[in-house]
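Participant: The following block contains a protein sequence and its predicted model.
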Amino acid sequence: MEKRRLGKTDMYVSVLGFGGAEIGFESATPETVEKLLNSALDAGLNLIDTASAYLESEILIGKAAARRRKEYYLLTKCGATEGFTKADWTEVGILSHIEQSLRNLQTDYLDLIQLHSCAEDELRKGDVIKALQKAREKGYARYIGYSGDGEAAKYAVESGAFDTLQTSISIADQEALDLTLPLAREKGMGVIVKRPVANAAWRTGQKPENSYHHEYWERLKKLDYSFLKKDLATAVAIALRFTLSQPGVHTAIVGTANPNRWQENAELLEAGLLDHQQIEEIRNRWREVADKSWVGQV
(Lines give C-alpha, C1' and ligand atoms only; values in the text may rest on other atoms or scores of the structure.)
Protein backbone atom coordinates (compact mmCIF):
# COMPACT_ATOMS: atom_id res chain seq x y z
CA MET A 1 0.00 0.00 0.00
CA GLU A 2 1.31 3.45 -0.92
CA LYS A 3 2.80 5.46 1.94
CA ARG A 4 3.13 9.23 2.26
CA ARG A 5 5.12 11.31 4.71
CA LEU A 6 2.69 12.92 7.17
CA GLY A 7 3.67 16.56 6.76
CA LYS A 8 6.88 17.42 8.58
CA THR A 9 6.67 14.44 10.93
CA ASP A 10 8.88 11.39 10.54
CA MET A 11 5.85 9.17 9.97
CA TYR A 12 5.35 7.56 6.59
CA VAL A 13 1.72 6.54 6.74
CA SER A 14 -0.32 4.25 4.52
CA VAL A 15 -2.83 6.14 2.39
CA LEU A 16 -5.57 4.16 4.12
CA GLY A 17 -5.86 4.13 7.90
CA PHE A 18 -8.18 2.37 10.32
CA GLY A 19 -10.82 4.53 12.00
CA GLY A 20 -11.99 3.29 15.38
CA ALA A 21 -15.35 5.04 15.76
CA GLU A 22 -17.49 2.32 14.21
CA ILE A 23 -16.21 -0.53 16.38
CA GLY A 24 -16.93 1.54 19.48
CA PHE A 25 -20.40 2.78 18.62
CA GLU A 26 -21.49 -0.57 17.15
CA SER A 27 -20.18 -2.53 20.16
CA ALA A 28 -17.96 -4.82 18.12
CA THR A 29 -16.75 -7.96 19.84
CA PRO A 30 -13.06 -8.40 20.77
CA GLU A 31 -12.88 -11.30 18.31
CA THR A 32 -14.18 -9.14 15.45
CA VAL A 33 -11.76 -6.31 16.22
CA GLU A 34 -8.81 -8.68 16.42
CA LYS A 35 -9.68 -10.07 13.01
CA LEU A 36 -10.27 -6.57 11.62
CA LEU A 37 -6.98 -5.11 12.78
CA ASN A 38 -4.85 -8.10 11.89
CA SER A 39 -6.31 -8.21 8.38
CA ALA A 40 -5.69 -4.47 8.03
CA LEU A 41 -2.10 -4.69 9.20
CA ASP A 42 -1.51 -7.72 6.98
CA ALA A 43 -2.86 -5.73 4.01
CA GLY A 44 -0.21 -3.03 4.56
CA LEU A 45 -2.15 -0.49 6.61
CA ASN A 46 0.05 1.11 9.28
CA LEU A 47 -2.15 3.77 10.91
CA ILE A 48 -4.81 3.26 13.59
CA ASP A 49 -6.91 6.22 14.72
CA THR A 50 -9.37 6.23 17.60
CA ALA A 51 -10.61 8.51 20.40
CA SER A 52 -11.58 8.44 24.04
CA ALA A 53 -15.07 9.53 22.92
CA TYR A 54 -15.60 6.31 20.93
CA LEU A 55 -16.86 4.32 23.93
CA GLU A 56 -14.93 0.99 24.15
CA SER A 57 -12.90 1.55 20.97
CA GLU A 58 -9.56 2.19 22.66
CA ILE A 59 -9.92 -0.84 24.91
CA LEU A 60 -10.83 -3.09 21.99
CA ILE A 61 -7.86 -1.84 19.94
CA GLY A 62 -5.49 -2.29 22.87
CA LYS A 63 -6.57 -5.89 23.37
CA ALA A 64 -6.40 -6.72 19.67
CA ALA A 65 -3.22 -5.02 18.50
CA ALA A 66 -0.91 -4.21 21.42
CA ARG A 67 1.36 -7.13 20.56
CA ARG A 68 1.95 -5.64 17.07
CA ARG A 69 2.55 -2.11 18.36
CA LYS A 70 5.79 -1.61 16.40
CA GLU A 71 3.98 -2.23 13.11
CA TYR A 72 1.69 0.80 13.15
CA TYR A 73 1.31 4.44 14.12
CA LEU A 74 -1.21 4.92 16.92
CA LEU A 75 -3.40 8.02 17.07
CA THR A 76 -6.12 8.99 19.50
CA LYS A 77 -8.06 12.09 20.54
CA CYS A 78 -8.84 13.79 23.83
CA GLY A 79 -11.15 16.37 25.38
CA ALA A 80 -14.47 14.84 24.38
CA THR A 81 -15.44 11.63 26.18
CA GLU A 82 -18.20 9.07 26.70
CA GLY A 83 -19.72 9.15 23.25
CA PHE A 84 -19.44 12.95 23.05
CA THR A 85 -21.77 13.35 26.03
CA LYS A 86 -19.03 14.96 28.12
CA ALA A 87 -15.99 17.16 27.53
CA ASP A 88 -13.18 18.53 29.68
CA TRP A 89 -10.86 21.12 28.17
CA THR A 90 -8.82 21.83 31.31
CA GLU A 91 -5.17 20.87 31.44
CA VAL A 92 -5.87 18.39 34.23
CA GLY A 93 -8.76 16.88 32.30
CA ILE A 94 -6.85 16.53 29.04
CA LEU A 95 -3.80 14.97 30.67
CA SER A 96 -6.08 12.59 32.56
CA HIS A 97 -7.80 11.58 29.31
CA ILE A 98 -4.46 10.89 27.66
CA GLU A 99 -3.18 8.86 30.60
CA GLN A 100 -6.34 6.75 30.48
CA SER A 101 -5.98 6.33 26.72
CA LEU A 102 -2.45 5.00 27.20
CA ARG A 103 -3.79 2.41 29.63
CA ASN A 104 -6.71 1.51 27.36
CA LEU A 105 -4.47 1.10 24.34
CA GLN A 106 -1.84 -0.86 26.29
CA THR A 107 1.02 1.36 25.17
CA ASP A 108 3.48 3.72 26.82
CA TYR A 109 3.33 6.35 24.05
CA LEU A 110 1.13 7.66 21.24
CA ASP A 111 2.45 8.72 17.88
CA LEU A 112 -0.13 11.51 17.75
CA ILE A 113 -2.59 12.98 20.25
CA GLN A 114 -5.33 15.23 18.87
CA LEU A 115 -7.83 17.67 20.35
CA HIS A 116 -11.25 16.30 19.44
CA SER A 117 -13.51 18.93 17.85
CA CYS A 118 -12.49 21.58 20.37
CA ALA A 119 -14.38 24.84 19.81
CA GLU A 120 -12.60 27.95 18.57
CA ASP A 121 -13.18 29.89 21.79
CA GLU A 122 -11.46 27.15 23.81
CA LEU A 123 -8.57 27.08 21.36
CA ARG A 124 -8.13 30.84 21.66
CA LYS A 125 -7.80 30.62 25.44
CA GLY A 126 -4.64 28.62 24.86
CA ASP A 127 -4.98 26.18 27.77
CA VAL A 128 -5.84 23.19 25.59
CA ILE A 129 -2.81 23.78 23.40
CA LYS A 130 -0.56 24.08 26.44
CA ALA A 131 -2.00 20.80 27.76
CA LEU A 132 -1.10 18.97 24.55
CA GLN A 133 2.36 20.50 24.56
CA LYS A 134 2.81 19.31 28.13
CA ALA A 135 1.70 15.82 27.11
CA ARG A 136 4.36 15.85 24.42
CA GLU A 137 6.98 17.02 26.92
CA LYS A 138 6.01 14.17 29.23
CA GLY A 139 6.55 11.67 26.42
CA TYR A 140 2.89 10.73 26.19
CA ALA A 141 2.84 11.61 22.48
CA ARG A 142 5.43 12.28 19.81
CA TYR A 143 3.27 14.78 17.90
CA ILE A 144 0.17 16.88 18.56
CA GLY A 145 -2.77 17.60 16.27
CA TYR A 146 -6.23 19.07 15.90
CA SER A 147 -9.27 17.09 14.71
CA GLY A 148 -12.24 19.11 13.54
CA ASP A 149 -13.74 21.30 10.84
CA GLY A 150 -14.82 24.81 9.98
CA GLU A 151 -13.56 28.01 11.57
CA ALA A 152 -12.15 26.18 14.60
CA ALA A 153 -10.00 24.06 12.30
CA LYS A 154 -8.92 27.18 10.44
CA TYR A 155 -7.81 28.81 13.69
CA ALA A 156 -5.96 25.64 14.70
CA VAL A 157 -4.05 25.67 11.41
CA GLU A 158 -3.31 29.40 11.64
CA SER A 159 -2.04 29.06 15.21
CA GLY A 160 1.00 27.09 14.07
CA ALA A 161 0.79 24.99 17.24
CA PHE A 162 -0.16 21.68 15.65
CA ASP A 163 1.74 19.13 13.59
CA THR A 164 -1.37 17.70 11.95
CA LEU A 165 -4.97 18.42 11.00
CA GLN A 166 -7.68 15.77 10.82
CA THR A 167 -10.70 17.03 8.92
CA SER A 168 -13.65 15.97 6.73
CA ILE A 169 -13.09 15.85 2.98
CA SER A 170 -15.19 13.90 0.49
CA ILE A 171 -17.39 14.24 -2.57
CA ALA A 172 -20.10 15.49 -0.16
CA ASP A 173 -17.89 17.58 2.13
CA GLN A 174 -15.59 20.02 0.34
CA GLU A 175 -15.45 23.09 2.57
CA ALA A 176 -11.95 22.21 3.79
CA LEU A 177 -10.58 22.19 0.23
CA ASP A 178 -10.82 25.99 0.26
CA LEU A 179 -10.94 26.87 3.96
CA THR A 180 -8.10 24.92 5.56
CA LEU A 181 -6.29 22.54 3.23
CA PRO A 182 -4.29 25.14 1.25
CA LEU A 183 -3.01 26.78 4.44
CA ALA A 184 -2.23 23.44 6.07
CA ARG A 185 -0.25 22.49 2.99
CA GLU A 186 1.58 25.83 3.06
CA LYS A 187 2.56 25.22 6.70
CA GLY A 188 3.69 21.67 5.99
CA MET A 189 1.11 20.08 8.27
CA GLY A 190 0.15 16.45 8.01
CA VAL A 191 -3.46 16.07 6.86
CA ILE A 192 -5.60 13.11 7.88
CA VAL A 193 -9.03 12.84 6.29
CA LYS A 194 -12.07 11.46 8.11
CA ARG A 195 -15.22 10.28 6.32
CA PRO A 196 -13.34 10.09 2.98
CA VAL A 197 -16.19 8.37 1.11
CA ALA A 198 -19.03 10.35 2.76
CA ASN A 199 -19.98 7.22 4.71
CA ALA A 200 -21.07 5.73 1.34
CA ALA A 201 -24.44 7.18 2.28
CA TRP A 202 -25.84 6.46 -1.21
CA ARG A 203 -24.98 2.75 -1.23
CA THR A 204 -28.47 1.28 -0.69
CA GLY A 205 -30.35 3.80 -2.78
CA GLN A 206 -32.52 4.50 0.26
CA LYS A 207 -32.20 7.04 3.04
CA PRO A 208 -30.02 5.42 5.74
CA GLU A 209 -31.70 4.47 9.00
CA ASN A 210 -28.85 5.94 11.04
CA SER A 211 -29.28 9.71 11.33
CA TYR A 212 -25.48 10.04 11.38
CA HIS A 213 -25.57 9.54 7.59
CA HIS A 214 -28.55 11.77 6.80
CA GLU A 215 -26.64 14.98 6.07
CA TYR A 216 -24.49 13.33 3.42
CA TRP A 217 -27.48 11.48 1.98
CA GLU A 218 -29.34 14.76 1.48
CA ARG A 219 -26.32 16.47 -0.06
CA LEU A 220 -25.63 13.61 -2.44
CA LYS A 221 -29.23 13.58 -3.62
CA LYS A 222 -28.82 17.21 -4.68
CA LEU A 223 -25.34 16.77 -6.10
CA ASP A 224 -26.57 13.81 -8.19
CA TYR A 225 -23.13 12.75 -9.38
CA SER A 226 -23.43 10.49 -12.41
CA PHE A 227 -20.71 8.11 -11.17
CA LEU A 228 -22.81 7.22 -8.11
CA LYS A 229 -25.16 5.40 -10.49
CA LYS A 230 -22.39 2.93 -11.33
CA ASP A 231 -21.84 -0.27 -9.38
CA LEU A 232 -20.91 0.27 -5.74
CA ALA A 233 -17.24 -0.71 -6.03
CA THR A 234 -16.67 1.70 -8.92
CA ALA A 235 -18.49 4.53 -7.16
CA VAL A 236 -16.59 4.02 -3.91
CA ALA A 237 -13.31 3.87 -5.80
CA ILE A 238 -13.97 7.21 -7.52
CA ALA A 239 -15.05 8.81 -4.25
CA LEU A 240 -11.99 7.55 -2.36
CA ARG A 241 -9.59 8.46 -5.17
CA PHE A 242 -11.10 11.97 -5.30
CA THR A 243 -10.26 12.51 -1.64
CA LEU A 244 -6.76 11.09 -1.87
CA SER A 245 -6.06 13.12 -5.03
CA GLN A 246 -6.32 16.44 -3.21
CA PRO A 247 -2.92 18.15 -2.83
CA GLY A 248 -1.83 18.10 0.79
CA VAL A 249 -3.88 15.05 1.84
CA HIS A 250 -1.71 12.28 3.24
CA THR A 251 -4.04 9.56 4.49
CA ALA A 252 -7.73 8.73 4.77
CA ILE A 253 -9.14 6.81 7.72
CA VAL A 254 -11.96 4.36 7.10
CA GLY A 255 -14.08 2.60 9.69
CA THR A 256 -15.56 -0.81 8.97
CA ALA A 257 -16.67 -4.01 10.63
CA ASN A 258 -15.76 -6.11 7.57
CA PRO A 259 -12.32 -7.77 7.87
CA ASN A 260 -12.10 -8.16 4.08
CA ARG A 261 -12.65 -4.47 3.42
CA TRP A 262 -8.99 -3.46 3.70
CA GLN A 263 -7.76 -5.58 0.85
CA GLU A 264 -10.80 -4.54 -1.19
CA ASN A 265 -10.11 -0.85 -0.57
CA ALA A 266 -6.43 -1.27 -1.40
CA GLU A 267 -7.43 -2.81 -4.73
CA LEU A 268 -9.78 0.12 -5.41
CA LEU A 269 -6.79 2.45 -5.24
CA GLU A 270 -4.68 0.54 -7.75
CA ALA A 271 -5.95 2.82 -10.53
CA GLY A 272 -4.12 5.71 -8.86
CA LEU A 273 -5.22 9.32 -8.59
CA LEU A 274 -8.17 10.72 -10.49
CA ASP A 275 -7.23 12.76 -13.53
CA HIS A 276 -7.64 16.52 -13.50
CA GLN A 277 -10.83 16.46 -15.58
CA GLN A 278 -12.59 14.04 -13.22
CA ILE A 279 -11.59 16.09 -10.19
CA GLU A 280 -12.80 19.33 -11.75
CA GLU A 281 -16.13 17.80 -12.72
CA ILE A 282 -16.75 16.86 -9.08
CA ARG A 283 -15.51 20.22 -7.81
CA ASN A 284 -17.59 22.18 -10.31
CA ARG A 285 -20.72 20.26 -9.40
CA TRP A 286 -20.09 21.10 -5.75
CA ARG A 287 -19.67 24.79 -6.61
CA GLU A 288 -22.94 24.75 -8.57
CA VAL A 289 -25.04 23.03 -5.89
CA ALA A 290 -23.53 23.55 -2.42
CA ASP A 291 -24.88 26.32 -0.25
CA LYS A 292 -23.41 28.03 2.81
CA SER A 293 -24.99 25.53 5.20
CA TRP A 294 -22.87 22.71 3.74
CA VAL A 295 -20.06 23.09 6.24
CA GLY A 296 -17.57 20.44 7.30
CA GLN A 297 -19.19 17.71 9.36
CA VAL A 298 -17.75 17.51 12.86
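Facilitator: Structure's in. What do you need?

Participant: tell me the contacts of Cys78?
Facilitator: Ala51, Ser52, Ile94, His97, Ile98, Ser101, Ile113, Gln114, Leu115, His116 (Cβ atoms under 8 Å, 6 or more residues apart in numbering). For the C-beta atoms, the positions are set from N, CA and C on the backbone; glycine is no exception.

Participant: ok, the nearest residue to it once chain neighbours are set aside to Tyr54 distance?
Facilitator: Spatial nearest neighbour of Cys78, excluding adjacent residues (Cβ to Cβ, 6 or more residues apart in numbering): His97 at 4.0 Å. Distance of His97 to Tyr54, computed by Cβ to Cβ, to the nearest Å: 12 Å.

Participant: now Asn104
Facilitator: Distance from Asn104 to Tyr54, by Cβ to Cβ: 10 Å.

Participant: neighbour count winner among these two?
Facilitator: Comparing Asn104 with Tyr54 by neighbour count (other Cβ atoms under 10 Å), the higher total belongs to Tyr54, at 28 against 19.

Participant: on that earlier part again, check the gap between the residue nearest to Cys78 and Ser168 for me.
Facilitator: In terms of Cβ to Cβ, His97 sits 22 Å off from Ser168.

Participant: For the stretch 51-200 of the chain, just list every one of the strands.
Facilitator: Along the stretch 51-200 of the chain, the stretches classed as strands by DSSP state E, counting those that start in this stretch are 73-78, 80-81, 86-87, 110-116, 141-147, 164-168, 190-194.

Participant: ok, the last one: who's next to it in the sheet?
Facilitator: Each strand pairing with strand 190-194, determined using DSSP bridges, is listed with its direction: strand 164-168 (parallel), strand 251-254 (parallel).

Participant: Would you mind pulling the contact partners of the first one?
Facilitator: Under the criterion Cβ under 8 Å, 6+ apart, residues 6-7, 9, 49, 112, 114, 143-149, 153, 156-157, 175-176, 180-181, 184, 189-195, 253, 296-298 lie in contact with strand 164-168.

Participant: average model confidence for it?
Facilitator: For strand 164-168, the mean pLDDT works out to 98.

Participant: Go through that strand and flag the buried ones.
Facilitator: Thr164, Leu165, Gln166, Thr167, Ser168 (16 or more other Cβ atoms under 10 Å).

Participant: Make a markdown table out of these and add distance to Glu281.
Facilitator: What follows is the buried residues of strand 164-168, written out as a markdown table (distance: Cβ to Cβ, whole Å):
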| residue | distance to Glu281 |
| --- | --- |
| Thr164 | 30 |
| Leu165 | 26 |
| Gln166 | 27 |
| Thr167 | 23 |
| Ser168 | 21 |
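
Participant: Out of these, which is nearest to Gln206?
Facilitator: Closest approach to Gln206 among the buried residues of strand 164-168 (Cβ to Cβ): Ser168, at 23.1 Å.

Participant: mind checking how far that closest one is from Ala119?
Facilitator: 16 Å.

Participant: Name the nearest residue to Gly272, sequence neighbours excluded.
Facilitator: Leaving aside its sequence neighbours, Gly272 sits nearest to Arg241 (Cβ to Cβ, 6+ apart; 7.5 Å).

Participant: got it, and Glu2?
Facilitator: Glu2 sits nearest to Val15 (Cβ to Cβ, 6+ apart), 4.9 Å away.

Participant: What backbone torsions are found at that neighbour?
Facilitator: phi -70, psi -20 (degrees, to the nearest 10).

Participant: Next up, the contacts around it.
Facilitator: Contacts here follow Cβ under 8 Å, 6+ apart; on that basis Val15 touches Met1, Glu2, Lys3, Arg4, Leu244, His250, Thr251, Ala252, Leu269.

Participant: contacting residues for the fifth one?
Facilitator: Right, the one you point to is Leu244. Residues in contact with Leu244 (Cβ under 8 Å, 6+ apart) are Val15, Val193, Pro196, Ala252, Leu269, Leu273.

Participant: What subset of the residues you listed is buried?
Facilitator: So, by 16+ other Cβ under 10 Å, the buried ones in the contacts of Leu244 are Val15, Val193, Pro196, Ala252, Leu269.

Participant: With pLDDT and distance to Ser27 as extra columns, can I get those in a markdown table?
Facilitator: Formatted as a markdown table, these follow (pLDDT from 0 to 100; distance: Cβ to Cβ, whole Å):
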| residue | pLDDT | distance to Ser27 |
| --- | --- | --- |
| Val15 | 95 | 29 |
| Val193 | 98 | 26 |
| Pro196 | 95 | 24 |
| Ala252 | 97 | 25 |
| Leu269 | 85 | 30 |
